[in-house]
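1. sharing a model prediction with you, sequence too.
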Amino acid sequence: MGLLDGDIQELFGEVFGEGVYLDATLHRTTLAAGTDGDLTPTTVDAPCKAHFDVVTEAMREEAGFDDTDVAIIILQYQVSPAVTTDDEITLGGKRWKISAPVKSDPAATHWIVRGQAA
């Protein structure tokens, strides 16, 4: 496996996942069909590593931006499937709704998201 086939993601996860990025919890909500056929939201929590970053100018220009929004970087290492705007994250003792758009770096080592207080 080469660097662009996932090795770099693992390397970033191992190097930055201990001591640099904070422990966080990704809250993933999906719709599951019940026995009666109705769709019911189901939330599954998954551990991840993340940290706060400076809100970018592009984030400030996005619809719905608020001065209390934060930029969050989430390591992709051992997180599957990709983070979406249906997800929330608990980081720094607070729960954040992940706002659009979810961006990834070219090496697929992390996602960059805008968080809004949930």
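-> Ah, there it is. Because the structure is predicted, anything quoted here is derived from the model rather than measured.
2. quickly list what Arg114 is bridged to.
-> Beta-bridge pairing for Arg114 (DSSP bridges): Ala71, Ser99.
3. and what of Thr90?
-> If you apply DSSP bridges, the partners that Thr90 bridges to are Thr25, Arg95.
4. hang on, it packs against Ala24?
-> Yes. Judged on CB atoms under 8 Å, Thr90 makes contact with Ala24 at a distance of 6.2 Å. C-beta here means a position set from N, CA and C on the backbone, and glycine is covered the same way.
5. do you have the helices of the protein handy? List them.
-> Using DSSP state H, the helices of the chain run over 7-16, 57-61.
6. quick one: buried residues of stretch 75-82?
-> Buried residues in stretch 75-82, defined by neighbour count with 16 or more other CB atoms under 10 Å: 75-77, 79.
7. stretch 88-98 now?
-> Buried residues in stretch 88-98, counting neighbours by 16+ other CB under 10 Å, are found at 88-91, 96-98.
8. report the mean confidence score over that stretch.
-> The pLDDT scores in stretch 88-98 average 97.
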